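1. Quick one, what's the 3D model for this:
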Amino acid sequence: ARSLLSVAYLSLALACVYMLRQLSRRLSMSSSQSRIAMIGCGKMAEALADGLQAELPGLSLCAADVNRHRALLFQERFGASVHESARDAVRGADLVLLACKPQNIAAVGKELCGHIDSETVVLSILAGTPLS
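-> Residues are numbered from 1 along each chain as shown. Here you go, the predicted structure:
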């Protein structure tokens, strides 16, 4: 079961890399300049960040989590800039990855409402959770 979960994380990370590369082409910029905001720094987000960093070493990663310890882990492990709020983390991001716990998405949605650029790609890994 653990290896199946690892394959699922890798598949999701590769999907993020693909989206980021498509976004980079659309913006006519190199992927080394791309900025990803991770909203939620749990185990799934950690696995994704690991895969993304392996594919895009110059990636600029921003992180926000209600659990400060998890956000600081991202700073230490991935060189992420840690933000106190999701709103600050998404500022200027090319890709926003919603990886918070499903019970927190309503509060995160309210905080982010009106603060994500229309050009920004938003990807949610919250299974069974509508974003509307």
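2. contacts, neighbours, all on C-alpha from now
-> Fine.
3. show me where this structure has strands.
-> Assignment of strands within the chain using DSSP state E yields the ranges 35-39, 60-64, 81-82, 95-98, 121-124.
4. what's the most buried one of the ones you listed?
-> strand 35-39 (a mean of 27; mean count of other Cα atoms under 10 Å).
5. Direction included, what does that strand pair up with?
-> For strand 35-39, the paired strands and their directions (DSSP bridges) are strand 60-64 (parallel), strand 95-98 (parallel).
6. contacts for the shortest one?
-> The set of residues external to strand 95-98 that reach it, using Cα atoms under 8 Å, 6 or more residues apart in numbering, is 20, 35-40, 90, 120-126.
7. now for these, which pair is the farthest apart?
-> Considering Cα to Cα, no two members of the contacts of strand 95-98 lie farther apart than 35 and 126, which are separated by 20.7 Å.
8. what's the weakest-modelled helix or strand in the protein?
-> Ranked by mean pLDDT, DSSP states H and E, the helix or strand of the chain with the weakest confidence is helix 2-26, at a mean of 66.
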